[in-house]
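A.B. asks: need the 3D shape of this:
(2 chains)
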Amino acid sequence: MSRIVVLDYGSGNLRSAERALQRVGADVTVTADRDAALEADGLVVPGVGAYAACMAGLESVDGARIIERRLAGGRPVLGICVGMQILFDLGVEWGERTKGCGQWPGTVEKLKADVLPHMGWNTVRVPTGSTLFAGLDADARFYFVHSFGVRHWTLEESEVLRPPLVTWAHHGEDFVAAVENGALAATQFHPEKSGDAGATVLKNWLRDVVG
Amino acid sequence: MGVAVRVIPCLDVDAGRVVKGVNFTDLRDAGDPVEMARVYDAEGADELTFLDVTASSSGRDTMLDVVRRTADQVFIPLTVGGGIRTTDDIDALLRAGADKTGINTAAIARPELLAEASRRFGSQCIVLSVDARKVPDGGKPTPSGWEVTTHGGRRGTGIDAVEWAARGQELGAGEILLNSMDADGTQAGFDLEMITAVRAVVDIPVIASGGAGKVEHFPPAVKAGADAVLAASVFHFGLIRIGEVKTSLRDAGLEVR
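C.D. replies: Model (predicted):
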């Protein structure tokens, strides 16, 4: 059974993530303990609320270093919602610029849409070869709740490196809904609140990424 | 394709038990909110709302236990409202497994609570619940003609309901639960005029509540500007099933899950 740590670096609903992972067969611990987070088979980085507050919370548990060190060893990390956003270079919220973990190039900024937050169940456009979305129908819906997102993917495609697989969604405009990049994966939506479709994504991550 | 209209059943919970009568014959315990949450999830509810109507403060821990047990079994978003006074109340609910919290009377008494709560937890989990009605004859007029009420609609506050919704957004609420006290319980349809008026002044999601009596009532509420529709008794009594609401919305050209 895969040992998963859900990184606890502040308030918010972590119970749902814990339970949803248990539901698909993981042995889950919710903790901020550095060694546990480094040693787990898979690390889940959740996140809700403001970008700056999440980065501050993450720093308080040395989260960016933990992510860095895990990835250096090819050990899987899954970011969820703001936990995905902080993996990018920069967050810009209400004029405040906050440096992210910089695992992926790109800026998290306010979406251009009539109604924000983007709150509810939306469809996604999955690229060929996706592992996370394997076995799901094209019209599967996932639960999103966010006002900010990555509106442009700026990573240059390389002939030597396998490029990340980017899944898109649309609310007012296109934004990044998920990224699959070797050991590092992330979703803008909440798989733990996305019913059976979300459970499938978590199951796929456990089986094919964490292994 | 875009975000789907959310269909949200609401459960009134008193000391850990569902208040309003239910009509589901295949349930072991229709008074158990957790059991009811599972039924609604299976029927395709997009979100769940628990309204804690417990009068005594000692019932608070019971509600936390209900939230915990629900979050253990149901993997769709859960909003909990009723009796929230402080940011610590919100913290306790989020930690128990709630995704959003509905704030009503406490924000009327002290609007800064919305700002404090959204700063601490993020706007996405702060729902401003507005119980509104037409200002009754003899009442203090408001610019929009609607006023905010408290005590389940029994007391007027003289606060303009449309302005209050806009102020709520400014203070940091991430969503408005707009409950028409005039339409509530009538089963004669949502208050479309009020939904339109509130939609015009906010750009956060609006949940329409109050007045649902038949499936045909739901699409007009969305066309008036609601992003989500909420009902309680018509679902509890089995008069309308969640799936029927979705069919009605889909037939009206709206996106549903």
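A.B. asks: give me the residue from the stretch 151-257 of chain B nearest chain A.
C.D. replies: B:Arg257 (4.5 Å; C-beta to the nearest C-beta). Yep, even glycine has a C-beta here, placed from its N, CA and C like the rest.
A.B. asks: contacts only, for that residue.
C.D. replies: A:Trp121, A:Arg141, B:Ala4, B:Gly44, B:Asp46, B:Lys246 (C-beta atoms under 8 Å, 6 or more residues apart in numbering or on different chains).
A.B. asks: then A:Ala186?
C.D. replies: A:Leu78, A:Gly79, A:Ile80, A:Gly83, A:Met84, A:Leu87, A:Ala178, A:Val179.
A.B. asks: just those residues: which are in helices?
C.D. replies: A:Gly83, A:Met84 (DSSP state H).
A.B. asks: and the contacts of A:Ala186 as TSV, adding distance to B:Asn179?
C.D. replies: Below are the contacts of A:Ala186 laid out as TSV (distance: C-beta to C-beta, whole Å):
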residue	distance to B:Asn179
A:Leu78	38
A:Gly79	36
A:Ile80	31
A:Gly83	33
A:Met84	34
A:Leu87	39
A:Ala178	35
A:Val179	39
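A.B. asks: list just the nearest of the contacts of A:Ala186 to B:Val67.
C.D. replies: A:Ile80 (20.2 Å; C-beta to C-beta).
A.B. asks: so what's the residue count around the closest one?
C.D. replies: Using other C-beta atoms under 10 Å in any protein chain shown, A:Ile80 has 24 neighbouring residues.
A.B. asks: and the closest residue to it other than its chain neighbours, how close does it get to A:Ser11?
C.D. replies: Nearest residue to A:Ile80 in three dimensions, chain neighbours excluded: A:Pro46, at 5.0 Å (C-beta to C-beta, 6 or more residues apart in numbering or on different chains). Going from A:Pro46 to A:Ser11 by C-beta to C-beta, to the nearest Å gives 11 Å.
A.B. asks: with B:Asp137 instead?
C.D. replies: B:Asp137 is 46 Å from A:Ser11, by C-beta to C-beta.
A.B. asks: looking at these two, which has the bigger crowd around it?
C.D. replies: Higher neighbour count among B:Asp137 and A:Ser11: A:Ser11, with 20 against 5, using other C-beta under 10 Å.
A.B. asks: okay, the more buried one: pLDDT?
C.D. replies: Here, the pLDDT recorded for A:Ser11 equals 70.
A.B. asks: next: the one 5 residues further on.
C.D. replies: With respect to pLDDT, A:Ser16 has a value of 92.
A.B. asks: and it, that one's in a helix?
C.D. replies: Yes: A:Ser16 forms part of a helix when assessed by DSSP: H, G, I helix; E, B strand; the rest coil.
A.B. asks: surely it touches B:Ala96?
C.D. replies: No: between A:Ser16 and B:Ala96 there is no contact under C-beta atoms under 8 Å: 10.3 Å.
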